[in-house]
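> Here is my input; please provide its structure:
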Amino acid sequence: MDSTDAPAGTFVGRRTGHVRRFLGIPYAEVPTGARRFAVPVPRGRFTEPFDASRHGATSQCVPLFATTTIPEPSVPGDDVLNLGIVAPAAGADRTLLPVLVWIHGGGFLAGSPASPWYDGRAFARDGVVTVTVGHRLGVDGFAVLDDAPTNLGLRDLLCALDWVQENIAAFGGDPDRVTVAGQSAGGAAVLALLSSPAARGRFHRAVSLSGGFFEGGARHDFLERLGHRLGVPPTRAGFGSRTPEQLQQGVLDLRGDDVLVLAPFVGDDVLPVPVAEGLAGHGHDVPLLLGATGDEFDGAGTPEKRAAGTRVTDTLFRSACPRAASARRAGSAGTWLYSFEWPSPVLGGATHCIDIPFFFDVLDAPGVAQTLGPRPPADLATLMHADLVGFVRGQEPGWARATGTLGDPAREYGRPGAALAADTKGVFDPVVRAGAEAC
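Below is the predicted model of the structure:
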């Protein structure tokens with residue numbers, strides 16, 4: 001057992017060797033009853049020691065797919081606005097360490113901060129405190145309702161970042177060196193927060209893995225269809241009469257092949273303008289590292305299926321990289337691009353999500369061998385993890401900044417026949433790939 005006193009209370013976690021884990025810590029009040037479809041309320045101070053030895057409840061009740069690349073456990077319960085901390089054992093000098101705040105993916109519908117792929121043990125080994133955050137998903141987090149606040153999922157993340165600012169020093173983290181990072185929908189949330197005036201000052205660096213400009217909120221026609229399916233009006237009271245599990249299952253039943261039926265809404269105090277426009281006006285002093293995998297959704301299948309996947313890969317994911325760099329070109333902080341090119345022998349390409357175990361250096365985690373094969377390159381994980389650790393520590397990446405112009409520099413990871421990391425140019429230039437227009 002391991003106990004820590006923080007402004008939010010006393011938390012009793014676990015210690016294994018050099019790693020301390022404090023899991024399932026609530027950062028906001030339970031979003032049920034009158035607090036459902038409402039702005040998050042910071043959790044009051046715990047007056048008794050809180051058992052932080054296991055993962056807290058997840059917003060995900062129903063996985064996005066029957067089989068997901070990332071192991072994404074659903075943990076039952078209502079207290080879903082919680083976070084987990086993985087930190088190294090305190091050193092003798094008690095120097096505060098940089099902090100990585102991680103936001104999971106899942107199309108804003110699903111995903112779990114309790115995934116073993118997000119375990120921060122390698123970051124703890126290298127002197128970084130990791131925080132994984134849960135937030136409201138699906139209808140509860142991103143529906144646009146006439147009688148409820150918008151962007152509740154993003155507001156949850158802002159509340160969690162406030163908790164980090166107030167409490168992370170007690171766990172050895174430096175509140176003045178916070179990097180917010182995420183993958184897929186989590187990477188898109190990072191770009192949204194970076195573009196938001198409401199997020200200013202809450203973090204100091206940003207990392208977006210396979211993120212994009214996923215925005216627009218839930219379409220009214222989709223919410224009408226969902227309400228009809230569930231037998232309720234598409235209102236706060238109507239949807240509030242159904243459980244989150246019923247809502248999630250309803251969304252999954254109706255969405256078809258369209259994952260992004262719910263996404264951040266543009267036009268409120270959190271996202272007053274589209275993300276690309278917001279990046280041009282905010283976050284200029286926040287360095288940004290972002291990239292995508294080479295294949296994302298076009299790694300295998302028939303030629304027709306690969307072509308359709310290529311359109312998704314380029315339109316949603318790879319095009320966001322030069323667009324973000326271009327929007328930020330006038331700012332003082334740098335933007336650096338990467339492209340992950342190592343092809344999984346199991347999945348047939350450098351597909352969506354498979355760069356995460358390399359960046360987290362957890363190739364021994366459950367589910368990795370089934371996705372990457374029995375011998376994924378450990379030296380590639382060592383190198384990619386070191387690059388990410390260096391960025392979180394405040395170092396400038398070892399390759400040139402990007403500006404969103406033709407021939408922009410990027411770091412390529414794991415391209416067959418090339419060095420593990422090769423600095424290259426033009427990876428994200430507009431080209432025609434497999435019949436689909438990139439960028």
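> CA only for contacts and neighbour counts going forward, please
Fine.
> pLDDT value on residue 305, please?
Listed pLDDT for residue 305 reads 59.
> Could you say which helix or strand holds the closest residue to residue 232 other than its chain neighbours?
With C-alpha to C-alpha, 6 or more residues apart in numbering as the measure, residue 238 is the residue that lies nearest to residue 232, at 5.0 Å, once sequence neighbours are left out. With secondary structure defined by DSSP states H and E, residue 238 is part of helix 236-240.
> and what of residue 22?
strand 19-26.
> average pLDDT across the top strand by length along the chain?
The strand that spans the most residues within the chain, counting by DSSP state E, is strand 173-183. Averaged across strand 173-183, the pLDDT comes to 98.
> now do stretch 47-61
Per-residue scores along stretch 47-61 average to 97.
> Which strands or helices does the next helix or strand after the strand holding residue 22 pack on?
Scanning forward in sequence from strand 19-26, with DSSP H and E defining helices and strands, the next element found is strand 50-51. Contacts defined by 3 or more C-alpha pairs under 8 Å, 6 or more residues apart in numbering; DSSP states H and E place strand 50-51 against strand 9-16.
> What's the first helix or strand after the helix holding residue 238?
Scanning the chain past helix 236-240 towards its C-terminal end, the next helix or strand to appear is helix 244-254 (assignment: DSSP H and E).
> Tell me how far that following helix lies from the chain's centre.
Relative to its chain's centre, helix 244-254 lies at 22 Å (C-alpha atoms, centre = their mean, to the nearest Å).
> Please identify the buried residues of that helix?
Applying a neighbour-count criterion of 16 or more other C-alpha atoms under 10 Å, the buried positions in helix 244-254 are 244, 247-252.
> again, but for stretch 28-39
28-31, 36-39.
> cool, stretch 44-56 as well?
For stretch 44-56, burial by neighbour count (16+ other C-alpha under 10 Å) applies to 50-53, 55-56.
> Export the residues you listed as CSV, with columns for distance to residue 156.
Converted to CSV, those look like this (distance: C-alpha to C-alpha, whole Å):
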residue, distance to residue 156
50, 21
51, 22
52, 20
53, 23
55, 18
56, 15
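> Closest to residue 399 out of the residues you listed?
Of all these, residue 399 sits closest to residue 55, with 37.6 Å by C-alpha to C-alpha.
> That closest one and residue 26: what is the separation?
In this view, residue 55 and residue 26 are 11 Å apart by C-alpha to C-alpha, to the nearest Å.
> all helices of the stretch 201-350 of the chain, in order?
Read by DSSP state H, counting those that start in this stretch, the stretch 201-350 of the chain holds these helices, from start to end of the chain: 220-230, 236-240, 244-254, 275-281, 303-312, 320-327.
> same for the longest strand of the chain, what does it pack against?
Using 3+ C-alpha pairs under 8 Å, 6+ apart as the contact criterion, the neighbours of strand 173-183 among helices and strands are strand 97-103, helix 152-167, helix 185-194, strand 205-209, helix 378-393.
> nearest spatial neighbour of residue 87, skipping sequence neighbours?
Counting by C-alpha to C-alpha, 6+ apart, residue 129 is the residue found nearest to residue 87 once chain neighbours are left out, at 4.6 Å.
> and what of residue 251?
Closest residue in space to residue 251, ignoring its immediate chain neighbours: residue 226 at 6.8 Å, by C-alpha to C-alpha, 6+ apart.
> need the contact list for that neighbour.
Contacts were defined as C-alpha atoms under 8 Å, 6 or more residues apart in numbering; by that measure residue 226 touches 234, 250-251, 254.
> So what does the residue lying closest to residue 316 once chain neighbours are set aside have for phi and psi?
In space, not counting the residues next to it along the chain, residue 316 is nearest to residue 212; the distance is 5.8 Å by C-alpha to C-alpha, 6+ apart. Dihedral angles phi and psi of residue 212 (degrees, to the nearest 10) take the values phi -170, psi -180.
> so what's residue 212 up against?
184-185, 187-188, 191, 316-321.
> What are the buried residues along stretch 343-350?
When neighbours are counted by 16+ other C-alpha under 10 Å, the buried residues of stretch 343-350 are found to be 343-344, 347, 349-350.
> Correct me if wrong: residue 210 contacts residue 317.
Yes: the pair formed by residue 210 and residue 317 meets the contact definition of C-alpha atoms under 8 Å, at 5.6 Å.
> sorry, back to before: pLDDT-wise, what's the bottom of the contacts of residue 212?
Of all those, the one the model is least sure of by pLDDT is residue 316, with 76.
> thinking residue 357 is in contact with residue 380, fair?
No: the criterion here is C-alpha under 8 Å, and residue 357 misses it with residue 380 at 10.4 Å.
> If you count neighbours, what's buried in stretch 115-132?
Across stretch 115-132, burial judged by 16+ other C-alpha under 10 Å covers 115-124, 126-132.
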